[in-house]
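**Q** Dropping the sequence and predicted coords here.
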Amino acid sequence: MNLILLEEKDFIAENLVRLSGRRLQHIRSVHQAEAGRELRVGLLNGKIGSGKVRRIDTDAVELEIALTIDPPTPLAVTLLLALPRPKMLKRVLQSVSSLGVKQIYLVNSYRVEKSFWGSPLLHTEKLREHLLLGLEQARDTILPEVHLRQRFKPFVEDELPQLCAETRALVAHPTSEPAQPLGPSIPTTLAIGPEGGFIPYEIEKLQQCGFTAFSLGERILRVETAVPVLLSRLLPL
């Protein structure tokens, strides 16, 4: 936890918060903080700053906070991701959140198993839990939004054209030509398929929306590896 995330409900006075549970345990066991210690904190969807420990015991910690710094600039990427298997999705969400993506669409695909859509991980609180872990790692405060789209064709035909309008639309596909350096020059809509990639019909539908297919070369990567590799190519220097 490189950043202790605060929420409005944590405040007990204008510049004073009280924390317990997971955050308290981290402050006690990892930071080994005592009264007077300053920690890096940030208000969810707000500014970043410092929190000075006023009191700490086994039940709670009180921090006097000063928030003065804007969070990192979001990555100008809207991510369309074929729903991965639940264990993989946990890691992907944390990576995507830590890399600064703020709009995530989990979409269906022919190669996505129907059982994945019944996973408890897709419940709002579970998604939020893993997104927060990514924010804490990256010292960010702006919580990404996750949109679930269980029907591929209606999403691509009715919603995607407007979503990707005036962006560079790219779809990663293992059998396409390798990409030239992507660069962070313009807002991008990036589609990443399941293991094995989107099927030809799905690639065709995406291309009809203006997407350009590309690959990372000869190597076939797992989704949990491909996602951070692709997003890293879009990070500003």
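**A** Received the coordinates, thanks.

**Q** any idea how far Gln94 is from Gly134?
**A** Computed as Cβ to Cβ, to the nearest Å, the Gly134 to Gln94 distance reads 4 Å. Heads up, the C-betas are built off the backbone N, CA and C, glycines and all.

**Q** Same check on Leu67?
**A** Taken as Cβ to Cβ, the span from Leu67 to Gln94 is 24 Å.

**Q** Neighbour count: these two, which is higher?
**A** Gln94 (20 against 17; other Cβ atoms under 10 Å).

**Q** which is the next helix or strand following the host helix or strand of that one?
**A** Using DSSP states H and E, the secondary-structure element containing Gln94 is helix 86-98. Downstream of helix 86-98, the first helix or strand assigned by DSSP H and E is strand 103-107.

**Q** Okay, buried residues for the helix holding Gln94 please.
**A** The neighbour-count check on helix 86-98 (16 or more other Cβ atoms under 10 Å) flags 88-98 as buried.

**Q** any idea how this protein splits into domains?
**A** 4-69, 77-232 (automatic domain parsing).

**Q** Just the endpoints, please. Distance across the first one?
**A** Separation of the first and last residues of domain 4-69 by Cα to Cα, to the nearest Å is 14 Å.

**Q** Distance from it to the middle of the chain?
**A** 23 Å (Cα atoms, centre = their mean, to the nearest Å).

**Q** Please state the mean pLDDT value computed over it.
**A** What domain 4-69 shows for mean pLDDT is 96.

**Q** and the spatially closest residue to Leu80 that is not a sequence neighbour, what helix or strand is that in?
**A** Spatial nearest neighbour of Leu80, chain neighbours left out: Ala191 (4.1 Å); criterion: Cβ to Cβ, 6 or more residues apart in numbering. Secondary structure assignment for Ala191, by DSSP H and E: strand 188-192.
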